[in-house]
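> Predicted structure and sequence below. I'll ask about it afterward.
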Amino acid sequence: MGTPEESFSKLPIYFHNLKKHNPNTVVYIKIDSEDCFEYCFFAIRCMIRAFRECCRKVIIMDGAHFKGKYKGTILHVVAMDGNNQILPIGYGICPKETTDSWTWFIEKLHECIGDVEGLTDKAPAIVVSIQNVFPNAQHGLCGFHLIGNIVYTFRKNKKTAILFWKLVRAYKTTEFEFYWGRLRNIRDDVATYLSQIPHEKWTRAYCPTTRYDYMTSNSAESMNAGSYKARKLPILPLIEFFCALMRKRFYKRRMAAEKSTTILTKWAEDMWRHSEFEGKDLFLQILATNWFAMWSCDNGFNALKNDHRGHMAIDTYKIEKYRRTYELPYTLFQNLVIGRFWMTLWLLTLL
């Protein structure tokens, strides 16, 4: 597998083979004035196609630090498929999270996926980059990081946390204003802190676009947690880890989709059954988050009761679209750069 230094030097060969066996894969390597590695970006064709053709146009971004000899950061962007599962879109590697590194990463990402409706993240360095590259996208903040800042600044308080999440998840502005008044009464300092952040960045009620109920960056952070051991590896085995993880998920989901006999994906079917059990009020909430197409409330609820949900669900949640999401496989290639035996041995200890 070689030393970490050799791993960096073999990166161009690896990316060449990746593109050769997976046409339309996007890869970039940026070097500095001394011909040393600075940034890299890669997005495999099946991930790009799955997002562009089959997913809602909302993305979630995050980064995580390396744990090996060479320190750095891996940046990644994910979306959610029609079964509410994480779909990786692209990865980047840089020395650290800065405005320059995020801007470079987001520019390459935009080249792959085009414009998006909204995105969620936690990094302050990313704000300027988003405004420059995705000027029409609604930039949302992660609710968990926001409540973390509140706890750090004002100390932990259970009532404050409960009210905060009610504010974040309120569907209507009237509902939001009701809980906002309660927060003002019991924690005016916290309310003053939150009032300095535009409501459309962290609340559902005031968001001008559709966030599809994704009010945190947890899906991206779960990628960080799952790659903790892999981030101790040199750069090539680390990239191969993410490729292997994606390949494994695509295969499992493709097999599950082919066997499915339902109208909607399993997650959407479960939501439909839950809404049928809970009644009309929950269905109104489902409409508010655009899980289903915007029919009139009475007709829409009757459609659910009469088992016509397949006609009113947006395409993303239909099983046909879910099958299309994962029908294009990742093409394996003989990895002469790393060595298949040693790579397999590494991955078996990590996956």
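Sure, I can see it. Residues are numbered from 1 along each chain as shown.

> Please, which helix or strand holds residue 106?
For residue 106, the host element (DSSP states H and E) is helix 99-113.

> Just give me the neighbour total for residue 174.
9 (other Cβ atoms under 10 Å). Using the backbone N, CA and C atoms, a C-beta is placed for each residue, glycine as well.

> how about residue 59, secondary structure?
strand (DSSP: H, G, I helix; E, B strand; the rest coil).

> How about it, nearest residue that isn't a chain neighbour?
Closest residue to residue 59 apart from its sequence neighbours, by Cβ to Cβ, 6 or more residues apart in numbering: residue 119 at 4.7 Å.

> Wasn't that neighbour part of a strand?
Yes. The assignment for residue 119 by three-state DSSP puts it in a strand.

> Numbering from 59 from now on, please.
From this message on, residue numbering opens at 59, which makes the last subject residue 177.

> Which segments of this protein make up each domain?
The chain breaks down into these domains under automatic domain parsing: 59-197+274-319+396-409, 201-272, 322-375.

> how about the strands of the stretch 159-308 of the chain, start to end?
176-179, 196-199 (DSSP state E, counting those that start in this stretch).

> Out of the domains of the chain, which is closest to residue 383?
With Cβ to Cβ as the criterion, residue 383 lies closest to domain 59-197+274-319+396-409 of those, at 4.1 Å.

> Mean confidence (pLDDT) on the closest one, please.
For domain 59-197+274-319+396-409, mean pLDDT rounds to 86.

> For that domain, what is the distance to the chain centroid?
Between the centre of domain 59-197+274-319+396-409 and the centre of its host chain there is 11 Å, according to Cα atoms, centre = their mean, to the nearest Å.

> Residue 300 - how many residues pack around it?
Residues near residue 300, counting by other Cβ under 10 Å: 19.

> correction: residue 389
15.

> Ok, residue 137 next?
The tally of other residues near residue 137 (other Cβ under 10 Å) stands at 26.

> In this model residue 197 seems to touch the residue nearest to residue 117, though I could be wrong.
Yes. Counting by Cβ atoms under 8 Å, residue 177 touches residue 197, with 6.2 Å between them.

> shared neighbours, those two?
residue 188 (Cβ atoms under 8 Å, 6 or more residues apart in numbering).

> of the two, who's got more company?
More neighbours surround residue 177 than the other of residue 177 and residue 197, with 24 against 16 (other Cβ under 10 Å).
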